[in-house]
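Enquirer: just to be clear, the model below is a prediction. Sequence and coordinates:
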Amino acid sequence: MRQFVVLGHAASTDPDLSLDDLPGAGRFDVLCRAVTAAFTLSHAIREDVRCFLVLQNRLSIRLEGDELRYLSPDERNVASLLKNALEAAETAVGAQAVESTPGIYAAKRGFEALLDDLDGTVIQLHEDGDPLPDLGLPDTPIFVLSDHEAFTDAEAALLAEHADARISVGPEAIHGNHAITVVHNYLDTDGYTRYDR
Ligand SMILES: C[S@@+](CC[C@H](N)C(=O)[O-])C[C@H]1O[C@@H](n2cnc3c(N)ncnc32)[C@H](O)[C@@H]1O
């Protein structure tokens with residue numbers, strides 16, 4: 001199982017956000033592209049993936065690859081599924097998760113509470129981290145990414161406490177969805193060693 005946590009610092013939590021202006025909704029487009037990169041193959045969904053989107057450190061949306069339905073790679077489709085999750089979140093009580101569509105769950109939960117619940121090797125993805133091949137191949141890697149903004153000091157402090165590694169996928173600061181693709185490729189190839197299908 002591969003897991004991704006994407007921190008959406010300003011991402012809208014309003015279910016009425018406009019599908020015609022995803023960037024204007026706190027860069028909701030960045031989260032949608034992260035979801036597409038995490039789950040979509042050319043003609044399939046990666047079933048061994050779980051992804052958490054943390055919005056404004058107060059709401060988390062969890063997507064489960066082996067349960068997902070109706071997900072297609074275009075940003076508008078992903079955004080409309082996430083809008084349903086935001087609507088469902090309004091009925092969530094406490095930290096209880098509510099399923100909006102198959103495989104998508106929303107909960108009123110911030111980053112720290114989420115980190116406390118994660119079970120696996122927590123890896124901060126950061127352009128100044130150690131080289132990806134140094135990571136080896138953890139059984140249950142959980143990669144934590146920021147959106148278009150840098151990690152906040154509070155997030156960095158939490159990650160310093162909880163993360164097992166801080167890893168760079170290369171010398172350039174790239175988009176988060178591209179970093180997810182690099183990580184998938186690294187794991188798909190058993191650390192760049194296996195290319196047969
Ligand atoms: C668009 S980047 C954020 C850029 C930058 N931190 C900033 O201050 O604007 C989004 C995220 O992708 C991940 N990322 C980008 N480049 C990376 C790299 N070379 N290695 C590992 N992760 C990277 C990090 O998690 C980063 O926070």
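Expert: Perfect, I can see it now. What you see is a predicted model; the values in this text were computed from it and never measured.

Enquirer: what pairs with the lengthiest strand in the chain, parallel or antiparallel?
Expert: The residue-count maximum for a strand in the chain (DSSP state E) belongs to strand 121-131. Strand 121-131 sits in its sheet next to strand 141-146 (parallel), strand 165-168 (parallel), going by DSSP bridges.

Enquirer: winner for burial among those strands?
Expert: strand 141-146 (a mean of 24; mean count of other Cβ atoms under 10 Å). (Each C-beta comes from the backbone N, C-alpha and C, glycine too.)

Enquirer: can you name the element that comes right after that strand?
Expert: Using DSSP states H and E, the helix or strand that follows strand 141-146 in sequence is helix 153-162.

Enquirer: which strands and helices sit next to that following helix?
Expert: The contact analysis (3 or more Cβ pairs under 8 Å, 6 or more residues apart in numbering; DSSP states H and E) places helix 153-162 against helix 111-117, strand 121-131.

Enquirer: pick the most buried one from these.
Expert: Greatest average neighbour count among the helices and strands packed on helix 153-162 goes to strand 121-131 (a mean of 18), per mean count of other Cβ under 10 Å.

Enquirer: for the nearest residue to Ser146 once chain neighbours are set aside, pull up the helix or strand it's in.
Expert: Sequence neighbours aside, Leu7 is the residue nearest to Ser146 in space, at 5.1 Å (criterion: Cβ to Cβ, 6 or more residues apart in numbering). Element membership for Leu7 (DSSP H and E) is strand 2-8.

Enquirer: now that strand: average pLDDT?
Expert: The average pLDDT within strand 2-8 is 98.

Enquirer: just want the angle from it to helix 153-162.
Expert: Orientation of strand 2-8 against helix 153-162 (axes from the mean of the first three to the mean of the last three Cα atoms, to 10 degrees) gives an angle of 160 degrees.

Enquirer: next SSE downstream of strand 2-8?
Expert: Using DSSP H and E, the helix or strand that follows strand 2-8 in sequence is helix 28-39.
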